[in-house]
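>>> below are the sequence and a predicted model for it; my questions follow.
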Amino acid sequence: MEPVEWKCIIGNLKKWKDGIISAPFKYHGKEYNLTAQKLNPEGQAWRIRFSWTCNKISFSEVIEATGHIPLPPYINRKDEVNDISRYQTIYSRIQGSIAAPTAGLHFTTMYFKS
């Protein structure tokens, strides 16, 4: 797959010292590398180029393999595999959608009537 470019809002930008950062990730038991290159500012955001070492997987699959469930700050631990379903919200019906985990946790099927 070709590299992709996204307009990103970056928290704690001062920690990003070099123009390119990289991180290893596993996909189907094999290890690959994801790089992010800071290209140029665009208002409050930055244009970032993402590339990865396996041309057989899509950027969506890379994000899925490298991402973490953003747990609420009062849960004082790193995310775990079972958090994928435990902290899911009604906003995640479409693959790739994101929301703060607490944004919709109070909604359950018992509140919806057809």
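Alright, I've got the coordinates. In this text the structure is predicted, and so the values were computed from the model without any measurement.

>>> okay, CA-based contacts and neighbour counts for the rest of this
OK.

>>> scan the chain for its longest helix.
Once the chain is assigned using DSSP state H, the helix that runs over the most residues is helix 59-66.

>>> ok, residues contacting that one?
With contact meaning CA atoms under 8 Å, 6 or more residues apart in numbering, helix 59-66 is reached by 1, 4, 25-27, 34, 52, 96.

>>> going along the chain, name the strands of this structure.
Taking DSSP state E, the strands of the chain run over residues 4-8, 20-27, 30-42, 45-52.

>>> just name the most buried of those strands.
Burial of the strands of the chain is given as mean neighbour count (mean count of other CA atoms under 10 Å); strand 45-52 ranks first at a mean of 19.

>>> how close does residue 75 sit to residue 69?
The gap separating residue 75 from residue 69 is 12 Å, by CA to CA, to the nearest Å.

>>> got it, and residue 39?
Residue 39 sits 27 Å away from residue 69 when distances are taken as CA to CA.

>>> tell me the centre residue of this protein?
residue 67 (4.1 Å; CA atoms, centre = their mean).

>>> what sits against it?
Listed by CA under 8 Å, 6+ apart, residue 67 has no contact partners.

>>> how near is it to residue 79?
According to CA to CA, residue 67 and residue 79 sit 10 Å apart.

>>> ok, residue 29 next?
With the distance defined as CA to CA, residue 29 ends up 19 Å from residue 79.
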